[in-house]
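> Could you work out the structure for the sequence below:
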Amino acid sequence: MKLAFCLVLAACGASETSNSVDGKALFAEHCARCHGPEGRPDATMVARMNVRDLTSPELRERITPLLVEGQMRQGSKNGLMPSFTGGLRDEQFRAIAEYVASPAFLKR
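Numbering: from 1, shown residues only. Prediction:
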């Protein structure tokens, strides 16, 4: 199980490799490997890790920057999405959360 968690952590880019505060660029760097570049994970990620489609109408109805930031800081309840605390700065959390929750996220 530890190996699986380490692989997920590595695959989802939990280490800080950039000083950027551009939400779109940070999403591409830290989130797209699991959630897909357009916010829609591939079928393998959904089946193996239950990765959420960030473009689904059900999620878009209730998505807020606070919801997104909380998920990134805490990780998923099933433990497959790691917490990014320690890997991102506060302003990077906010930039990603604001970008993902914005209408611009769907217009790529």
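> all contacts plus neighbour counts: C-alpha atoms, from now on.
Noted.
> so where's this structure shaky on pLDDT?
Applying pLDDT under 70 to the chain flags residues 1-17, 108.
> Look up how far S102 lies from the one residue sitting closest to the centre of the chain.
What sits nearest the mean C-alpha location of the chain, by Cα atoms, centre = their mean, is C31, with 4.0 Å. Separation of C31 from S102 (Cα to Cα, to the nearest Å): 16 Å.
> Same question for R89.
Taking Cα to Cα, one finds R89 at 20 Å from S102.
> Sort out which residues of the longest helix along the chain are buried, please.
Determined from DSSP state H, the single longest helix within the chain is helix 90-101. Neighbour-count burial for helix 90-101 flags 92-101 (criterion: 16 or more other Cα atoms under 10 Å).
> and it, what does it pack onto?
helix 23-30, helix 65-74 (3 or more Cα pairs under 8 Å, 6 or more residues apart in numbering; DSSP states H and E).
> what about dumping the CA coordinates of the first one to CSV?
Read it as helix 23-30. Once non-C-alpha atoms are left out, helix 23-30 reads as follows in CSV (Å, rounded to 0.1, in the frame of the first residue of the first chain):
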residue,chain,number,x,y,z
GLY,A,23,-3.5,28.9,-11.8
LYS,A,24,-3.6,27.4,-15.3
ALA,A,25,0.1,26.6,-15.4
LEU,A,26,0.0,25.2,-11.9
PHE,A,27,-3.0,23.0,-12.8
ALA,A,28,-1.0,21.6,-15.8
GLU,A,29,2.0,21.0,-13.6
HIS,A,30,0.4,19.5,-10.5
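> so D53 makes contact with E38?
No - between D53 and E38 no contact is recorded; they are 9.4 Å apart, counting by Cα atoms under 8 Å.
> more neighbours, those two?
Counting neighbours by other Cα atoms under 10 Å for D53 and for E38 shows that D53 has the greater number, 19 against 16.
> what's the closest non-adjacent residue to that one?
Once flanking residues are discounted, D53 sits nearest to R40: 4.7 Å by Cα to Cα, 6 or more residues apart in numbering.
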